[in-house]
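Enquirer: predicted model and sequence follow; I will ask about them next.
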Amino acid sequence: MENISNAISPIEMRHRLHMSPELAFNEYKTQEIIIKELEKLGVKYEKIAKTGLVVLIEQSPAKPSVLYRADMDALPIREETGWEFASKNEGLMHACGHDVHMSVMYGVIKKILEEKIEGNYVFVFQPAEETIGGAKYVLDELREKYKVKCATALHVTDEYKLGEFASTNGTLFACAMEITAKFKGVSAHIAQKEKGIDAIRNAVGFLSEFYNNPIDDSTLGRRVLAGFGKMFGGNVRNAVADYAQVEGSIRGETLEIVFENFQKLTKMVEKYGGTLEKGSLYPPVVNNTVIYGLFKDFVSKNSYKFIDCGMKYTGEDFGFFTMKYPSLMFWAGVRTGNEVIGLHHPKFLPGDEVIPHLVDFMVKWLVELYNEF
């Protein structure tokens, strides 16, 4: 075991991770970078869900642990930050702050060991948050291996300033279902288009009806919306398209509301000769009432600013954790200037200075959970 002082800083960890973004369940280099430093810290770890990692720090085996999760995967976005530590993987970028999430958790592990901070903690570096729902695979493998009493996670955002933390009681993030509408046609030369069946026309017909009759509803207890962000069809410009596809998502406060509106959209798609298929499904992220109250008080007494942000239509697979354990997820503000870039943007880049700030916050929050919940 190497001396703990040889391990890199959380900021250096951030630089290395940001330069090596990888997509869901392909986070092999990411895993390798983290393992190298965990071994310097002398902690035991295990691989999980192919590219993930679990670290246990346990000082009192008879007591249950607090689980803390950080997501690992990046996005298929070409980075435009111009940063010296910008992505070296063409067309991929940590545009959602997962590099910060991992670096903060690494920093928390390092600080707990260096300062011999009390408590039992399970640290989960989780793959595939963005598209596949890696949390489910992690939990399937974890089963009851660790005695966990509660779980927590943060997500950075520049919507809020550094020092501001936002969450809500109950549903923080909506249930999210990926949906794909598929339309089959019959190809024919454009000069004899009447002999074909135009799949693009049918897809556009569906979208036209959808946009004229949106399912969006903000009624209390009925909050739901849907949208489509990708469409393609056909093979050549001078032939009727024999295939078209439209990809989108339904977001709702509950699983039941999402399924109900999936059925509505299915009937709409079928009117135009298409079929609607389900993709990844993320349950809502539902915060525990007791932990929420504890967090709200914790933020205030430590001289930070707490914001009740209400439910967001963001999809997050931490919902799988909230189904299994009493849990709390929250937004951590990282904006240090006036400009708001937003998540999933090629220029999203929280400053390095947010990392030690969040490491200190998370260590205190984990100790609070361990002692008070």
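Expert: Cool, got the structure. Residues are numbered from 1 along each chain as shown.
Enquirer: pLDDT below threshold where in this protein?
Expert: Low-confidence segments of the chain (pLDDT under 70): 1-3.
Enquirer: again, only this time at 50
Expert: 1 (pLDDT under 50).
Enquirer: tell me the domain ranges of it?
Expert: 4-173+284-372, 175-282 (automatic domain parsing).
Enquirer: contacts for stretch 15-27?
Expert: Stretch 15-27 is contacted from outside by 8, 28-30, 33-34, 49-52, 72-76, 83, 85-89, 92-94, 99, 102-103, 127-132, 134, using CB atoms under 8 Å, 6 or more residues apart in numbering. Where you see a C-beta, it was placed from the backbone N, CA and C, and this is true even at glycine.
Enquirer: could you rerun that using 7 Å?
Expert: Outside stretch 15-27, the residues that touch it by CB atoms under 7 Å, 6 or more residues apart in numbering are 28-30, 33, 50-51, 72-74, 76, 85, 87-89, 92-94, 99, 102-103, 127-128, 130-132, 134.
Enquirer: cool, and stretch 260-280?
Expert: Contacts for stretch 260-280 (CB under 7 Å, 6+ apart): 131-133, 177-183, 202, 205-206, 209-210, 215, 224, 226, 250, 252.
Enquirer: among those, which lie within helices?
Expert: 202, 205-206, 209-210 (DSSP state H).
Enquirer: between the residues you listed, which has the most around it?
Expert: Neighbour tally across the ones in helices among the contacts of stretch 260-280 (other CB atoms under 10 Å): the maximum, 24 neighbours, falls on Phe206.
Enquirer: what's the neighbour count on the closest residue to that one other than its chain neighbours?
Expert: Take Phe206 and drop its neighbours on the chain: the residue closest to it by CB to CB, 6 or more residues apart in numbering is Tyr272, 4.4 Å away. Counted with other CB under 10 Å, the neighbours of Tyr272 add up to 19.
Enquirer: got a list of what Ser249 touches?
Expert: For Ser249, the contacting residues are 176-179, 226-227, by CB under 7 Å, 6+ apart.
Enquirer: list only buried entries from the residues you listed.
Expert: Buried by 16 or more other CB atoms under 10 Å: 176-179, 226, out of the contacts of Ser249.
Enquirer: max-length helix in this structure?
Expert: When the chain is parsed with DSSP H, its longest helix is helix 354-372.
Enquirer: quick one: list the elements packing against that helix.
Expert: Applying 3 or more CB pairs under 7 Å, 6 or more residues apart in numbering; DSSP states H and E, we find helix 354-372 packed against helix 10-19, strand 65-71, helix 98-114, strand 148-161, helix 289-301.
Enquirer: could you dump those into a markdown table with mean neighbour count and distance to Gly170 added?
Expert: Below are these laid out as a markdown table (neighbours: other CB atoms under 10 Å; distance: least, CB to CB, whole Å):
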| stretch | mean neighbour count | distance to Gly170 |
| --- | --- | --- |
| helix 10-19 | 21 | 32 |
| strand 65-71 | 25 | 20 |
| helix 98-114 | 24 | 23 |
| strand 148-161 | 22 | 16 |
| helix 289-301 | 17 | 7 |
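Enquirer: test my guess that Gln126 contacts Asp73.
Expert: No. Using CB atoms under 7 Å, Gln126 is not in contact with Asp73; the gap is 8.7 Å.
Enquirer: with neighbour numbers in mind, choose between the two.
Expert: Higher neighbour count among Gln126 and Asp73: Gln126, with 30 against 25, using other CB under 10 Å.
Enquirer: which residues does the more buried one bridge with?
Expert: Asp71 (DSSP bridges).
Enquirer: contact partners for it?
Expert: Gln126 touches 52, 69-72, 134-135, 138, counting by CB under 7 Å, 6+ apart.
Enquirer: show me the contacts for the nearest residue to His98 once chain neighbours are set aside.
Expert: Closest residue to His98 apart from its sequence neighbours, by CB to CB, 6+ apart: Asp71 at 4.9 Å. By CB under 7 Å, 6+ apart, the contact set of Asp71 is 98, 101, 126, 129.
Enquirer: where along this structure do the strands fall?
Expert: 45-48, 52-57, 65-71, 121-126, 148-161, 164-167, 170-173, 175-184, 224-233, 243-252, 274-282, 285-287, 305-308, 327-335 (DSSP state E).
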